[in-house]
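Chemist: Any chance you can model this:
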Amino acid sequence: MKTATLQLLEKAGRSIEAAELLAENDQPDFSASRAYYAMFYVAEALLNEKGLSFSKHGNVHAAFGEHFAKTGLFDTKYHHWLIDAFGTRQVGDYGLDANIGAEFALQLISHAQEFLKAAQEYLSKQKL
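Modeler: Numbering: from 1, shown residues only. Just a heads-up that it's a prediction; the model follows:
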């Protein structure tokens, strides 16, 4: 596995830990943002293994969909989760009256954890 891929997966794990701490401290909007970034780093890690790198979130979302969801390598739910979490992150980071509930933030954390685990399992089986 490429060094940058490992670093992105590790960063995703740290982002999940941060999301959990923020959730525990009644900060669901910031927790949701960190959960999104965890998923974003996972998608970047997977794309990195294919030699693909993008500077814009939308490009990462699209490339993950093209190379992993549409090909059946990953369940399409991960692509949906990534895109939906991005919208939530936008509200949490930029909205002045973000109304992101604690339960929803915990759901995003759970999605991020599952996505990271799926990526780690997939990458461990690859001979890249």
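Chemist: Distance from the chain centre to the helix or strand bottoming out on mean pLDDT in the chain, please.
Modeler: Across the helices and strands of the chain, mean pLDDT, DSSP states H and E gives its lowest value to helix 76-94, namely a mean of 92. How far helix 76-94 lies from its chain's middle: 9 Å, per CA atoms, centre = their mean, to the nearest Å.
Chemist: List the contacts of residue 62.
Modeler: By CB atoms under 8 Å, 6 or more residues apart in numbering, no residues touch residue 62. C-betas here are computed from N, CA, C, even on glycine.
Chemist: in which helix or strand would I find it?
Modeler: Using DSSP states H and E, residue 62 falls within helix 57-64.
Chemist: tell me which residues in that helix are buried?
Modeler: In terms of neighbour count (16 or more other CB atoms under 10 Å), helix 57-64 has its buried residues at 57, 60-61, 63-64.
Chemist: Of all the residues in the helix or strand that comes right after the least confident helix or strand of the chain, which ones are buried?
Modeler: Counting by DSSP H and E, the next helix or strand C-terminal to helix 76-94 is helix 102-125. For helix 102-125, burial by neighbour count (16+ other CB under 10 Å) applies to 104-109, 111-113, 115-116, 118-120, 123.
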